[in-house]
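Colleague: show me the folded form of this:
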Amino acid sequence: MNNERLKVVGIGGTLREGSASLGALRRALAAAAEAGAEAELLDLRELDLPMYEPGRALEDYGGNVRRLVEALRGADAVLVSTAAYHGTLAGVTKNALDFAQFLARDERPYLQDRVVGLIAAVGGDMAGVNATRVMVDVVHALRGVAAPLVVAIPQAWRRADENGDVTDERYAGRLDDLGRLVVEMAARLAAPLLAESSAT
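Modeller: Reported below is the predicted structural model:
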């Protein structure tokens, strides 16, 4: 399958300027683009999403929420990058993922048939384990396919520059691997769907 037909959406960052989680996401998303996918970055600081409110209609939110929902709807794969606060993923990340509820009634509900690559830029090792484990649970709840490679970057402040860009080549290489992997997996997942669509 031609990878140029695939779209990878990256969601991440924190409300802090120079976020290492955003820098890590940029790195992985660039690798996905180099692998031939169309890549779209959704910076959560830039989006400045309101809190998700169950029962509130999509049209009652601003344009940035609609942008997020439509990006997820059109994605073949997703990269999610978070910081870890107090032992789990950042609230801004979980809030963004909660808006996937607007995909519940789609033909492909939530993140079904989409591979999701997970990244955490954290303080300690356990924070990385906790944050990525919770994100795997969220991905499964949204019917997505969690990529088998998860990148947790401990002591991220030591491994990134003032712009958040990852400077540690070991972790940068893992992010590159993850970006390529989600494209490869998305192509494999999409192939049967395209075959089924062409047969009907």
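Colleague: how many residues are close by the spatially closest residue to Arg108 that is not a sequence neighbour?
Modeller: The shortest distance from Arg108 to any residue other than its chain neighbours is 7.8 Å, reached at Arg114 (C-beta to C-beta, 6 or more residues apart in numbering). Bear in mind the C-beta positions are built from the backbone N, C-alpha and C, glycine included. Neighbourhood size, Arg114 [other C-beta atoms under 10 Å]: 24.
Colleague: just the strands from this protein, written as ranges.
Modeller: With strands called from DSSP state E, the chain shows them at 7-12, 38-43, 77-85, 88-89, 115-121, 145-153.
Colleague: could you dump those to TSV with mean pLDDT?
Modeller: As requested, those are exported to TSV (pLDDT from 0 to 100):
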stretch	mean pLDDT
strand 7-12	98
strand 38-43	98
strand 77-85	95
strand 88-89	90
strand 115-121	97
strand 145-153	96
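Colleague: so which of the ones you listed is the most surrounded?
Modeller: Of all the strands of the chain, strand 115-121 has the most neighbours on average by mean count of other C-beta atoms under 10 Å, namely a mean of 30.
Colleague: need the contact list for the nearest residue to Val145 once chain neighbours are set aside.
Modeller: Of all residues not flanking Val145 in the chain, Val115 sits nearest, at 4.8 Å (C-beta to C-beta, 6+ apart). Applying C-beta atoms under 8 Å, 6 or more residues apart in numbering, we find Val115 in contact with 76-78, 144-147, 182, 185-186, 189.
Colleague: Asp177: which of the strands of the chain is closest?
Modeller: Evaluated over those, closeness to Asp177 peaks at strand 145-153, with 6.2 Å, by C-beta to C-beta.
Colleague: now that closest one against strand 115-121, angle please.
Modeller: Using axes from the mean of the first three to the mean of the last three C-alpha atoms, to 10 degrees, the inter-axis angle of strand 145-153 relative to strand 115-121 is 20 degrees.
Colleague: just the CA coordinates of strand 145-153, formatted as CSV?
Modeller: Extracted in CSV, the C-alpha atoms of strand 145-153 (Å, rounded to 0.1, in the frame of the first residue of the first chain):
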residue,chain,number,x,y,z
VAL,A,145,-4.5,-0.5,18.5
ALA,A,146,-1.6,0.5,20.8
ALA,A,147,1.8,0.3,19.0
PRO,A,148,4.0,-2.3,20.6
LEU,A,149,6.8,0.3,20.9
VAL,A,150,6.3,2.9,23.6
VAL,A,151,8.8,5.7,24.2
ALA,A,152,9.1,7.0,27.7
ILE,A,153,11.8,9.6,28.2
